[in-house]
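Participant: Make a model of this:
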Amino acid sequence: MKFAYFHLMPYTGKKDDTHDWPVANKLFDADLGKQLYDTYIDSMVDAEAAGFDWLGCNEHHMSPYGLIANPNLVAAALIPRTSQAQLAVMGQLVPLLNPIRVAEEYAMLDVMSGGRVIAGLLRGIPHEYVAYNIPPDESHGRLSEAIDLIVKAWTEPEPFGWEGEYYQYRAVSIWPKPMQKPHPRIMMSCSNEVSARVAAQKRGMFGLANLQDFDHARNLMNIYREEAKAHGWEPTPDDFVVGLTASVDEDLDLAKDRLTEGRRYFANVLGGGLRTAQQIVLQKTRYMDDETRSKFQGANKQAKISVDDLIDEGVIVCGTPDMAVEQIKRVAGELGIGNININMKVGNIPDAAITNQIKIFGDKILPQVKHL
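Facilitator: Predicted structure coming up:
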């Protein structure tokens with residue numbers, strides 16, 4: 001079992017629960033922002049030292065929800081300060097970007113890091129399309145074509161032209177090429193049946209950002225396996241990545257109280273404007289079919305479930321170190337996966353608590369679960 005330390009890098013200086021979109025950037029304090037970036041990068045370096053196998057980040061726009069407009073910059077900042085951990089960039093939001101630029105930047109990072117990049121090629125959540133003024137109806141088509149183009153740019157030794165539905169290039173021959181051969185591992189979001197099938201078709205790793213319930217996860221994993229088999233390959237446990245929220249402390253009540261407040265802040269303060277933008281997309285475009293829209297809205301409702309109920313359901317890591325070990329063993333046993341993505345910085349959970357959690361994971365949790 002491999003473990004990723006994931007960071008959303010939220011802006012914790014926002015106090016009000018506004019639902020305006022976009023959120024006015026007059027609320028951003030650059031001095032606080034500098035402090036947060038420094039603290040968050042330091043925590044990722046600490047996570048490698050504690051024994052985490054991957055360091056993960058993703059991409060979001062125009063919101064205090066996450067301060068990573070370009071996750072490649074985070075990966076670049078980590079390269080000289082780390083040596084072993086894989087750099088799991090869990091998003092470039094490919095339909096919003098130039099795919100040749102995505103291929104070039106990932107190739108640069110792979111060479112600079114000595115072949116440590118895991119390349120997320122994602123569609124993104126609905127509000128990103130409002131932020132970048134890209135038609136949401138085209139998101140699936142843009143993603144599929146862009147992945148094919150990116151992989152060819154990584155692997156084709158001679159210049160080539162590209163005439164697709166969404167992208168056209170007279171000649172492509174990127175410099176540098178990636179260090180990993182044939183190319184860095186690709187990770188894709190598999191939060192619904194359509195995305196699970198596309199990921200299997202592209203031979204991307206199955207990524208589930210947030211475990212909602214075991215039946216939902218198993219259903220998507222089975223769809224991914226069936227689609228992979230239809231395309232001539234067989235996934236292993238190492239092809240599956242599932243995300244878990246974590247709050248661990250020697251004091252059980254403190255661990256639960258921190259996560260309860262962090263989830264409240266995340267949902268109400270950081271997520272209000274984001275949900276406003278999402279509703280615009282979901283109501284007025286074909287970004288999701290009706291079934292997927294219902295599941296997406298259900299995932300938003302999970303924020304209202306109590307921490308105690310989530311512990312009982314087994315879909316988070318919360319409590320004492322011994323409880324965390326048993327919770328991780330349960331997830332591994334239920335799903336048979338090879339990678340778990342741990343998110344500790346939920347909302348405004350204090351950074352000192354995150355530092356303590358990383359140490360607890362390194363000293364008391366990871367040594368007991370890495371053999372799984």
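Participant: remind me which residues of the stretch 201-350 of the chain are low pLDDT?
Facilitator: Applying pLDDT under 70 to the stretch 201-350 of the chain picks out residues 273-303.
Participant: now with 80?
Facilitator: By pLDDT under 80, the low-scoring segments of the stretch 201-350 of the chain are 272-303.
Participant: can you give me the helices for the stretch 151-300 of the chain?
Facilitator: Under the criterion DSSP state H, counting those that start in this stretch, the stretch 151-300 of the chain carries helices at the ranges 193-201, 214-230, 252-264, 272-284, 290-301.
Participant: again, but for the stretch 1-150 of the chain
Facilitator: 30-50, 71-78, 99-112, 127-132, 139-155.
Participant: Nearest to residue 178, out of those?
Facilitator: Minimum separation from residue 178 across these (C-beta to C-beta) falls at helix 99-112, 4.2 Å. C-betas here are computed from N, CA, C, even on glycine.
Participant: Worst mean pLDDT among the helices of the stretch 1-150 of the chain?
Facilitator: Among the helices of the stretch 1-150 of the chain, helix 127-132 carries the lowest mean pLDDT, at a mean of 78.
Participant: who does it touch, helix- and strand-wise?
Facilitator: helix 272-284 (3 or more C-beta pairs under 8 Å, 6 or more residues apart in numbering; DSSP states H and E).
Participant: residue contacts, the residue most central in space within the chain?
Facilitator: Centroid-nearest residue in the chain, with C-alpha atoms, centre = their mean: residue 90, separated by 4.3 Å. Residue 90 makes contacts with 6, 56-58, 71, 118, 120, 122, 187, 207, 209, 341, as judged by C-beta atoms under 8 Å, 6 or more residues apart in numbering.
Participant: mind redoing it with 10 Å?
Facilitator: By C-beta atoms under 10 Å, 6 or more residues apart in numbering, the contact list for residue 90 reads 4, 6, 54, 56-59, 71, 118-122, 187-189, 207, 209, 241, 243, 341.
Participant: same thing with residue 65?
Facilitator: Contacts for residue 65 (C-beta under 10 Å, 6+ apart) come out as 8-11, 14, 23, 125, 127, 266, 269-274, 347.
Participant: 8 Å instead?
Facilitator: Contacts of residue 65 (C-beta under 8 Å, 6+ apart): 8, 10, 270-271, 274.
Participant: And it, how far from residue 351?
Facilitator: 17 Å (C-beta to C-beta, to the nearest Å).
Participant: cool, and residue 185?
Facilitator: Applying C-beta to C-beta to residue 185 and residue 351 gives a distance of 30 Å.
Participant: List the residues that contact residue 195.
Facilitator: By C-beta under 8 Å, 6+ apart, the neighbours of residue 195 are 123, 188-189.
Participant: how about 10 Å then?
Facilitator: Residue 195 is in contact with 122-123, 140, 143, 188-189, 204, 206-208, 220, 223-224, 292, counting by C-beta under 10 Å, 6+ apart.
Participant: Can you tell me which of these is closest to residue 331?
Facilitator: residue 208 (11.1 Å).
Participant: Tell me how many other residues surround the closest one.
Facilitator: 24 (other C-beta atoms under 10 Å).
Participant: so it bridges to which residues?
Facilitator: Beta-bridge pairing of residue 208 under DSSP bridges involves residue 242.
Participant: Test my guess that it contacts residue 335.
Facilitator: Yes: between residue 208 and residue 335 there is a contact at 9.2 Å, judged by C-beta atoms under 10 Å.
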